[in-house]
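**Q** could you look at this predicted model? Sequence included:
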Amino acid sequence: MYLNKAFLYGNLTRDPELKALPSGGQVANFGIATNRTYKDKNGQKQEATEFHNIVAFGRTAEVIAQYMKKGRPIFVEGRIQTRSWDDKESGKKNYRTEIVVDNFQFGSSAAGENGGRTGLPASVDGAHEEQPAPKDDEAIKYPDEEINPEDIPF
């Protein structure tokens, strides 16, 4: 069995560009930058940045294009793909390696920004309205009876 899987967590290098395919579907193209910190042979701390081309299709493309902007963090899970095409003007063959998104998650926003929320509607980022804490006289009431472990179905 073969495996082609990539996991990236980084910041968008540009706003997603949403386009319509001839089939009517949607495609979004954008870039992600990832950083790596290491020590060189002299023991000095160094940082290297990698830039990745990302492509998403369908509803995933629409959601990413709607909510993500340059600089925002995102987690992407996908596969690595290399496309090639001939440049009609120069006659040269061009190649582009990109990550095709299978799944993604919005990254967290900076602490204090929007109160820790990502700025997305609850239906998108899974956040719910906060419920007030119960007052002392409204404390949770537990049953008086003992639970028999044999009654638990698992």
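**A** Structure's in. What do you need?

**Q** can we go C-alpha only for contacts and neighbour counts from here?
**A** Fine.

**Q** flag every buried residue along the longest helix seen in the chain.
**A** As assigned by DSSP state H, the longest helix anywhere in the chain is helix 58-67. For helix 58-67, a neighbour-count test (16 or more other Cα atoms under 10 Å) marks 60-62, 64-65, 67 as buried.

**Q** please list the outside residues in contact with that helix.
**A** 15-18, 25-28, 55, 120 (Cα atoms under 8 Å, 6 or more residues apart in numbering).

**Q** low-scoring stretches of the chain, by residue?
**A** Low-confidence segments of the chain (pLDDT under 70): 109-147, 151-154.

**Q** quick one on the thing from earlier: kindly reformat the buried residues of helix 58-67 as TSV containing distance to G78.
**A** Listed next are the buried residues of helix 58-67 as TSV, based on distance: Cα to Cα, whole Å:
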residue	distance to G78
T60	12
A61	13
E62	17
I64	14
A65	17
Y67	19
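
**Q** return the member of those nearest to D87.
**A** A61 (26.7 Å; Cα to Cα).

**Q** I'd like the distance between that closest one and G43.
**A** Taking Cα to Cα, to the nearest Å as the measure, A61 falls 42 Å from G43.

**Q** helices of the protein, residue ranges please.
**A** Under DSSP H, the chain gives helices at 58-67, 122-125.
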